[in-house]
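1. Structure for this input, please:
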Amino acid sequence: MAKLMPFIFSPTAVDHFVDVVGDKVLQDLQSRMTMAAVGPVTAIALQKAGFENRIVAEDTSADAVVAALEKHFADQMNASPAGVHKE
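-> Model (predicted):
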């Protein structure tokens, strides 16, 4: 199943997201969702909210967001499945 990847643009958006979905649902979503934080301040808010799966753009520019997404997907492509050794 594909993972959901919502983009969060501000610490206030993190607070509202947690308020809307609730702590229990947020914990249930952890395995199916990766949050894309637009900037380090938003990433800190996600961390404080307990969200572990984060993609973090270095700043709020479009270039930084694209770079973070490129890195994330490149890392995913290079990751080997559990128990498989790449040569």
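
2. Grab the nearest non-local neighbour of A64.
-> A57 (4.1 Å; Cβ to Cβ, 6 or more residues apart in numbering). In short, each C-beta sits where N, CA and C put it, glycine included.

3. and what of V41?
-> Excluding its sequence neighbours, the residue lying closest to V41 (Cβ to Cβ, 6+ apart) is P11, at 6.1 Å.

4. for that neighbour, what are its contacts?
-> V41, T42, I44, A45 (Cβ atoms under 8 Å, 6 or more residues apart in numbering).

5. Kindly recompute the last result at 10 Å.
-> If you count contacts by Cβ atoms under 10 Å, 6 or more residues apart in numbering, P11 has them with A37, G39, V41, T42, A43, I44, A45, L46, K48, A49.

6. was I right about the fifth one contacting V56?
-> Yes - the pair A43 and V56 passes the contact test of Cβ atoms under 10 Å, sitting 4.2 Å apart.

7. Number of residues surrounding A62?
-> By other Cβ atoms under 10 Å, the residues close to A62 number 9.

8. Surely it touches V38?
-> Yes - in this structure, A62 is within contact of V38 by Cβ under 10 Å, at 9.4 Å.
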